[in-house]
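Student: Return atomic coordinates for the entry below.
(4 chains)
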4 protein chains.
Amino acid sequence: MKNVALFGAGRIGRIHAANLAALSGVKLKTISDPMPGAARELAAALGAEVAPSIDAVFADTSIDAVVIASPTTTHSDLITRAAQARKHIFCEKPVDLSVARAQACAQAVAAAGVACMIGFQRRFDPSFNEAKTRLARGDIGTPEMLVITSRDPGAPPVDYIKQSGGIFRDMLIHDFDVFRWILDDDAVWLSATGACLTDPAIAEAGDIDSAAVTIRTRRGRLCQINTSRRAAYGYDQRFEVLGSKGLLACGNQRPTEVVQADAAGTRTDNPEHFFLQRYREAYRLEVTHFFEQLQSGGAFRTTVADGVAAQRLADAAAQSLATGQPVSLT
Amino acid sequence: MKNVALFGAGRIGRIHAANLAALSGVKLKTISDPMPGAARELAAALGAEVAPSIDAVFADTSIDAVVIASPTTTHSDLITRAAQARKHIFCEKPVDLSVARAQACAQAVAAAGVACMIGFQRRFDPSFNEAKTRLARGDIGTPEMLVITSRDPGAPPVDYIKQSGGIFRDMLIHDFDVFRWILDDDAVWLSATGACLTDPAIAEAGDIDSAAVTIRTRRGRLCQINTSRRAAYGYDQRFEVLGSKGLLACGNQRPTEVVQADAAGTRTDNPEHFFLQRYREAYRLEVTHFFEQLQSGGAFRTTVADGVAAQRLADAAAQSLATGQPVSLT
Amino acid sequence: MKNVALFGAGRIGRIHAANLAALSGVKLKTISDPMPGAARELAAALGAEVAPSIDAVFADTSIDAVVIASPTTTHSDLITRAAQARKHIFCEKPVDLSVARAQACAQAVAAAGVACMIGFQRRFDPSFNEAKTRLARGDIGTPEMLVITSRDPGAPPVDYIKQSGGIFRDMLIHDFDVFRWILDDDAVWLSATGACLTDPAIAEAGDIDSAAVTIRTRRGRLCQINTSRRAAYGYDQRFEVLGSKGLLACGNQRPTEVVQADAAGTRTDNPEHFFLQRYREAYRLEVTHFFEQLQSGGAFRTTVADGVAAQRLADAAAQSLATGQPVSLT
Amino acid sequence: MKNVALFGAGRIGRIHAANLAALSGVKLKTISDPMPGAARELAAALGAEVAPSIDAVFADTSIDAVVIASPTTTHSDLITRAAQARKHIFCEKPVDLSVARAQACAQAVAAAGVACMIGFQRRFDPSFNEAKTRLARGDIGTPEMLVITSRDPGAPPVDYIKQSGGIFRDMLIHDFDVFRWILDDDAVWLSATGACLTDPAIAEAGDIDSAAVTIRTRRGRLCQINTSRRAAYGYDQRFEVLGSKGLLACGNQRPTEVVQADAAGTRTDNPEHFFLQRYREAYRLEVTHFFEQLQSGGAFRTTVADGVAAQRLADAAAQSLATGQPVSLT
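Tutor: Just a heads-up that it's a prediction; the model follows:
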């Protein structure tokens, strides 16, 4: 039985908590959140305790692992302290908005010899994962081009955007990780552009809401990513890989398989509303994977190095947008 | 907290057990199965006890409800005994292969004043249920015609078939219930035919493996059901309702949303393999519904009367097949 | 160069005329229609002549073939006269509403030794025909069950219905032919039922608008046909064949491949509006086939015997509906 | 009746010839081709004459219009001469591989006051055109982002590629026109990259076979185009427009609507094989449009100015690829 401490009882913390509670061999022992009510309510529902303090969590030698689902600004500190306390770490993306601090986390983790997995849950989406499996098996030959469509149903509050690190670090970080995972190759050239089209307040906050990124890899493979903060029809999460022998396309999931045909046309459901619905199964599978690999000593599908690498691409995209010039990566 | 006793630790019993274990407000207390190992293993995994005996379950006044997932031949006896012991009942379909015994169960339940819900899980399938909701709301006007396609991926062992009551009572019982639920009307005329096309051993066992049923209702609505014990492409569970203003069609679910296009064509996944996969969510939702309605006092979506009514249609279909003549129902 | 006389300048006659005009090696020479204006207009548009009289057509030895697209009541007479005049015949379905008269036509054609093809255009629909090809090739093993959905967008005027011979002879005649063609087997048992659900005037005219037919074949294969005079979403023409190794399903064609996703859902076009749109290519291909086979001496895909056989099934269905009993065919 | 002279009896010339022959009010009078056999065969099949010489065509005052389907290198000369001879012009894309020469053509056409339409047939594809109509009507609000997927089934011979002007001028010229037409906006920033992934001989010929282009418009709208010379599953021609209120996506057409499900999965047809199949209807509609607008005096959907503008984008893309830097356009 692994004892686990959870940091963060917000939206994503509650998802992880429920998945932890249902895992056999895992005991969700403590929950920490600056809002004591949130921690208390979640702990009560799942038979866990509210941690007396963060220090207490790290001092508690019965805790084997921590799950970090607190705000981004706290990630690097919690990772470092957990590593020092010799606790295994599952941390929500991103490691840190600063590549330097993310790299420092990687070093702290390596120095401590603990496991650290970053929550790029899309790698556990059943459709995305099946595509990866077929690709690795050579079902469509050698990959040549990847096109990622990644759109949120609507923009978050501008206050969130202001501290988000910008669209590339906040939204596309996932897509950069998908790019690295699917093409299994390194970026050598990246060009990004964008615009603010949905709400002028986003521009006033110094950000954009629509972005187009192109990447060329060491082996000459190409990747295009298109993103918007707003898709009126729901959370749109797809990608297509063209290979030398065919195409693999991952579509959206829909809540139901009902088709309605009437005078207005033939209609299916829109995609699942947002990430909590679309990636519900992925969230469950990634936490399961974390504890399975802890148990078996197997490799983790997503590491701190993956977190750092995605962050570097986000930085490059931000730089390309700012300068209007492509960025070379080596 | 409701204490629950489960009868049956087989394939379907394990599904219900896992769903019960995850329900808040419900405690899976005991498990009974003629195979002590099966009961023991399941009980250990879920923190329940093996019931010392069936008598002990009914004598245990702390048990509020029973979930019956044991073989069909035991259903009517367990329902009757549970009713007499004043325990609420969730029973897998069918109530009994004999309409008379099913009706006797209905009377026992009514006399005892306990709740009894029959596990027609398809009514809880998210797609089927959404279709029903739209139909009830009038989204496609007045329903006129229902076409049900219901095919298993492969036939069960002939030994199972021999004691199954025949294809109408074993497989189509679900479709007869869907017919009643979706069209919300009574059959007045039923014609069935069929053939044995997949395995001569099924014919030797006195059964068929392919069936075609047509029903006309009191209001003149039409229903066609087509069934086979074998669909090489998976478990095929669909229906379409034609209404005065349009069509509602419920398709199959697929394991993933991956599309692969290559020289051989453009390919999606086949439907989910079989009922445990396809109706996984439906099984969870029906047990949740049972305890919610117990709690709130609301009406159950499927009652013993529904079980009896579906059984009558299965009997009529068997009679029609045997005589080659349609059957009038009133 | 084959000289052709066309009978009928109505909706379907105009389709055939345009296809004849575009065929190389074929000269549309004369057009006959009781409405002289219709014949004149069509002849002028296509560089043909208005036939002085029907007698003149049959007396004209330069005419090699006739295309009969006049009202159903005239078919048997025109076939018989064309056969006697030693002209090859392409005749729209049905041969005649009376099986006896249709058989007399078959005898007249056989006696004269002329070619006679019946316009069951669905056999030339690219999707249906591709399904037939794959079926014949064994792509899904041995066929076991056929489900045909055949719905018109809306009912014709009641005056048309009154003289149509009833829904089975007017609409389902096509489906009976598809059944014979796809399963390549003989009906031994047929049961039909139906209702009038869309317009009471149809019932007053002695007909129904919604029908459900089930057929069992000599080899035990099953077929279900469901039909309605009204589908609010367009002309719905589909079938599915279950075979021992898989399923072949023929869907509808849509005018465009545009998908629109917005807050109301994800929407494709409805099926093509009606038979002139849906079967546009089929009409072209069947007339091409007729002249190709005339030229090469090859077999025709649809013969008078097919017309007679479909008519017998329509009669059986009408009898089954009237008596409420299945009909045995031998 | 308009008399028409056709230049070019190759693959695309034969398509236009057949469409011209079927147009009412149009007479395909002469056909010119450097291969006399090709011209003769086509003329014979369609009842046209072989033109004695190019000079003779321009000297023939009975010729109202020319259709130019000869090799690209001849376009600008034929356009200029036709304009001088006061003949209306339908010319296959591109106007010329040189923007300067294309502009000179535009001036010649304007000076002569003749009509000149460029054969960007994709604007006449029923799906693409329907998307444009809905977009113009505001069905998805204001357009924000366009993603174009444009892939050939396989690369042409390297000899063709050597003189093609490169992938941007040869293949993407169509996509640049679609971009301008669909977004109805001007490019201000364009970035292109690419690679040679399918055949090293293409790289040796100085070209690439895989390209990724990103465009930002005056109004801040974004466009991404991805292209490959090889798609193992057929000719892949799609685009998606994200608007403020939804999405419009144009999918591929398939030869048939047959779905086959078996143990290997559920399979539809691949897209139509190549442009002659996919754009068959578009080719018919564009030539029809040309003569309708000539007759009515209405505006042409595609002008020489459109040809010049697309050529400028192709030049910009080639420059961006060569320099590795984005190009500003004004």
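
Student: Could you chop chain A up by domain?
Tutor: Following automatic domain parsing, chain A resolves into domains at A:2-114, A:123-277+A:303-328.

Student: Of all the ones you listed, which one is nearest chain C?
Tutor: Nearest of the domains of chain A to chain C, taken as CB to the nearest CB: domain A:123-277+A:303-328 at 3.6 Å. For glycine as for every other residue, the C-beta is placed from the backbone atoms N, C-alpha and C.

Student: can that closest one be found next to chain B?
Tutor: Yes. Using CB under 8 Å from any CB of the partner chain, domain A:123-277+A:303-328 reaches chain B at A:126-127, A:130-131, A:134, A:139-140, A:245-253, A:255-263.

Student: Now a ChimeraX select for only the buried ones of these.
Tutor: If you want just the buried ones from those in ChimeraX, going by 16 or more other CB atoms under 10 Å in any protein chain shown, the selection is:
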select /A:126,127,130,131,134,140,246,247,248,249,250,251,252,253,256,257,258,259,260,261,262
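
Student: List the ones among the residues of domain A:123-277+A:303-328 next to chain B that fall in helices.
Tutor: A:126, A:127, A:130, A:131, A:134 (DSSP state H).

Student: In contact with the residue nearest the centre of chain A, which residues are there?
Tutor: In chain A, the residue lying closest to the centroid (CA atoms, centre = their mean) is residue A:120, at 3.4 Å. Residues in contact with residue A:120, defined by CB atoms under 8 Å, 6 or more residues apart in numbering or on different chains, are A:93, A:174, A:177, A:178, A:181, A:286, A:302, A:306, A:307, A:310.

Student: Just send the residues you listed back as TSV, with pLDDT too.
Tutor: Shown next, in TSV, are those (pLDDT from 0 to 100):
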residue	pLDDT
A:93	93
A:174	97
A:177	98
A:178	98
A:181	98
A:286	97
A:302	95
A:306	96
A:307	95
A:310	97
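
Student: now, which of those residues sits nearest chain B?
Tutor: The closest of the contacts of residue A:120, once distances to chain B are taken by CB to the nearest CB, is residue A:178, at 14.3 Å.

Student: That closest one - how many residues pack around it?
Tutor: 26 (other CB atoms under 10 Å in any protein chain shown).

Student: now the one 5 residues further on
Tutor: By the other CB under 10 Å criterion, the neighbourhood of residue A:183 contains 22 residues.

Student: go on, residue A:59?
Tutor: As a burial measure, residue A:59 scores 11 neighbours (other CB under 10 Å).

Student: For it, what are phi and psi?
Tutor: phi -80, psi -20 (degrees, to the nearest 10).

Student: and it, what is it in contact with?
Tutor: Counted by CB under 8 Å, 6+ apart, residue A:59 has contacts residue A:85.

Student: Distance of it relative to chain B?
Tutor: According to CB to the nearest CB, to the nearest Å, residue A:59 stands 31 Å off from chain B.

Student: same deal with residue A:325?
Tutor: 36 Å.

Student: pLDDT at that residue, what is it?
Tutor: Note on residue A:325: pLDDT of 96.

Student: now residue A:47
Tutor: At residue A:47, pLDDT is 88.

Student: from memory it sits against residue A:18, does it?
Tutor: No. Using CB atoms under 8 Å, residue A:47 makes no contact with residue A:18, being 11.9 Å away.

Student: quick one: which of the two has more around it?
Tutor: A direct count of neighbours by other CB under 10 Å for residue A:47 and residue A:18 places residue A:18 higher, at 18 against 10.

Student: Okay, and the more buried one sits in which element?
Tutor: helix A:11-22 (DSSP states H and E).

Student: Could you please name the strands whichever helix or strand comes after that helix pairs with and the direction of each pair?
Tutor: Next helix or strand after helix A:11-22 toward the C-terminus (DSSP H and E): strand A:26-32. Its sheet considered, strand A:26-32 pairs with strand A:2-7 (parallel), strand A:49-50 (parallel) by DSSP bridges.

Student: Just the angle for strand A:26-32 relative to helix A:11-22, thanks.
Tutor: Counting by axes from the mean of the first three to the mean of the last three CA atoms, to 10 degrees, strand A:26-32 lies at 150 degrees to helix A:11-22.

Student: outside of strand A:26-32, which residues touch it?
Tutor: A:1-9, A:13, A:17, A:20-21, A:39, A:42-43, A:46-51, A:53-54, A:57, A:60, A:62-63, A:70, A:291.

Student: re earlier: how much space separates the residue nearest to the centre of chain A from residue A:89?
Tutor: With distances taken as CB to CB, to the nearest Å, residue A:120 is found 14 Å from residue A:89.

Student: quick revisit: can you say which two of the contacts of residue A:120 are spatially most distant?
Tutor: Spanning the widest gap among the contacts of residue A:120 are A:286 and A:310, at 15.4 Å by CB to CB.

Student: out of those two, which sits in the more crowded spot?
Tutor: Using other CB under 10 Å, the more surrounded residue of residue A:286 and residue A:310 is residue A:310, with 29 against 25.

Student: what about that one, distance to residue A:124?
Tutor: 16 Å.

Student: quick one: the strands in the stretch 201-330 of chain A?
Tutor: A:210-217, A:222-228, A:236-243, A:246-250, A:258-262, A:265-268, A:327-328 (DSSP state E, counting those that start in this stretch).

Student: Do any residues in the last one lie close to chain D?
Tutor: No. Contact of strand A:327-328 with chain D is not found when judged by CB under 8 Å from any CB; the minimum separation is 8.5 Å.

Student: got the contact list for that strand?
Tutor: A:188, A:189, A:190, A:191, A:316, A:317, A:319, A:320.

Student: just to revisit the earlier point, and for residue A:47 and residue A:18, which residues touch both?
Tutor: In terms of CB under 8 Å, 6+ apart, residue A:47 and residue A:18 are not both contacted by any residue.

Student: Turn the ones in helices among the residues of domain A:123-277+A:303-328 next to chain B into a markdown table, including pLDDT and distance to chain D.
Tutor: Listed next are those as a markdown table, based on pLDDT from 0 to 100; distance: CB to the nearest CB, whole Å:
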| residue | pLDDT | distance to chain D |
| --- | --- | --- |
| A:126 | 97 | 16 |
| A:127 | 98 | 14 |
| A:130 | 98 | 12 |
| A:131 | 98 | 14 |
| A:134 | 98 | 12 |
